[in-house]
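[1] I would like the atomic coordinates for the input below:
(chains A and B)
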Amino acid sequence: AQTVTQSQPEMSVQEAETVTLSCTYDTSESDYYLFWYKQPPSRQMILVIRQEAYKQQNATENRFSVNFQKAAKSFSLKISDSQLGDAAMYFCAYRRGGGTYKYIFGTGTRLKVLA
Amino acid sequence: GEEVAQTPKHLVRGEGQKAKLYCAPIKGHSYVFWYQQVLKNEFKFLISFQNENVFDETGMPKERFSAKCLPNSPCSLEIQATKLEDSAVYFCASSQHTRETQYFGPGTRLLVL
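    Numbers count the residues shown, from 1 in each chain, chains lettered A, B, ... in the order given. Here you go, the predicted structure:
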């Protein structure tokens, strides 16, 4: 069975600094997708970034980028120039490319941004 | 619509009462997913639909939980005889195709007293 592990329950970063959130996953599949979602106190799930396993190039979205290490089954999220509005829970998620398409989530990392 | 809509936002039920949650997927999206997020932030997949057909129900506690997606109606998730441990935020998500990103609704917070 596939699993997703976020080993950092909580992280802090100074405003304008850079922070990296870790995520590892376990799968025997070759076709899959990985996601980072942001969940602010409102509980709304906001897609931050998505990575297709077949793509070697790391996905980027403005200040957000990933370091996708397929062999190591690692998918970390880097937030550059951190802003107060980045404070939230961040969830890493995995989804198979075929068969059932449910997301498997990690347990989340709470990011605090210090002014 | 352009967003997944969920109603109600909050729901309070006494133990043993019924709870019914609704989800309107984004127009044109064929797939609907229900997830339960318990207070410890853990997500649990419940069930998914392809149009009105159940696609995957491996996460459903079948004794008390049921779900439907009927044509021209919001999808629904119903819990008969709620228990304290059903207290959670229930998210609905939709996607256009199986390989597409799932877009989440704002969730329904269920509190069972």
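
[2] only C-alpha atoms for contact and neighbour calcs from this point on.
    OK.

[3] contact residues of chain A facing chain B?
    Selection of chain A residues close to chain B by C-alpha under 8 Å from any C-alpha of the partner chain yields A:43-47, A:97, A:100-108.

[4] among those residues, who's most crowded?
    Ranked by the number of neighbours (other C-alpha atoms under 10 Å in any protein chain shown), the residues of chain A next to chain B place A:Gly108 first, at 30 neighbours.

[5] got a pLDDT number for the nearest residue to that residue once chain neighbours are set aside?
    Nearest residue to A:Gly108, sequence neighbours excluded (C-alpha to C-alpha, 6 or more residues apart in numbering or on different chains): A:Phe91, at 4.5 Å. On pLDDT, A:Phe91 comes in at 98.

[6] likewise the one 5 residues further on?
    You'll see A:Arg96 listed with a pLDDT of 89.

[7] my guess is it contacts A:Glu29. True?
    Yes: taking C-alpha atoms under 8 Å as the definition, A:Arg96 is a contact partner of A:Glu29 at 7.3 Å.

[8] neighbour-wise, which of these two wins?
    A:Arg96 (21 against 11).

[9] could you measure from A:Ser12 over to A:Val19?
    8 Å (C-alpha to C-alpha, to the nearest Å).

[10] compare those two (neighbour count), which wins?
    Applying other C-alpha under 10 Å to A:Ser12 and A:Val19 shows that A:Val19 carries more neighbours, namely 18 against 12.

[11] let me see the contact set for the more buried one.
    Contacts were defined as C-alpha atoms under 8 Å, 6 or more residues apart in numbering or on different chains; by that measure A:Val19 touches A:13, A:78-80, A:82.

[12] one more time with 7 Å
    A:Val19 makes contact with A:13, A:78-80 under the criterion C-alpha atoms under 7 Å, 6 or more residues apart in numbering or on different chains.

[13] closest to the centroid, which residue in the chain?
    Went with chain A since none was named. Centrality entry for chain A: nearest residue to the mean C-alpha point is A:Trp36, 3.3 Å, by C-alpha atoms, centre = their mean.

[14] let's do chain B instead
    Nearest residue to the geometric centre of chain B (C-alpha atoms, centre = their mean): B:Trp34, 3.7 Å.

[15] that residue bridge partners, please.
    Counting by DSSP bridges, B:Trp34 is bridged to B:Ile47, B:Cys92.

[16] in chain B, which residue sits nearest chain A?
    Across chain B, no residue is closer to chain A than B:Pro106, which sits at 4.9 Å (C-alpha to the nearest C-alpha).

[17] neighbours of that residue, just the number please.
    For B:Pro106, the count of nearby residues is 22 (other C-alpha under 10 Å).

[18] which residues of chain B fall in strands?
    In chain B, the segments counted as strands under DSSP state E are B:5-7, B:10-13, B:19-24, B:31-37, B:43-50, B:53-56, B:65-68, B:75-79, B:88-95, B:103-104, B:108-112.
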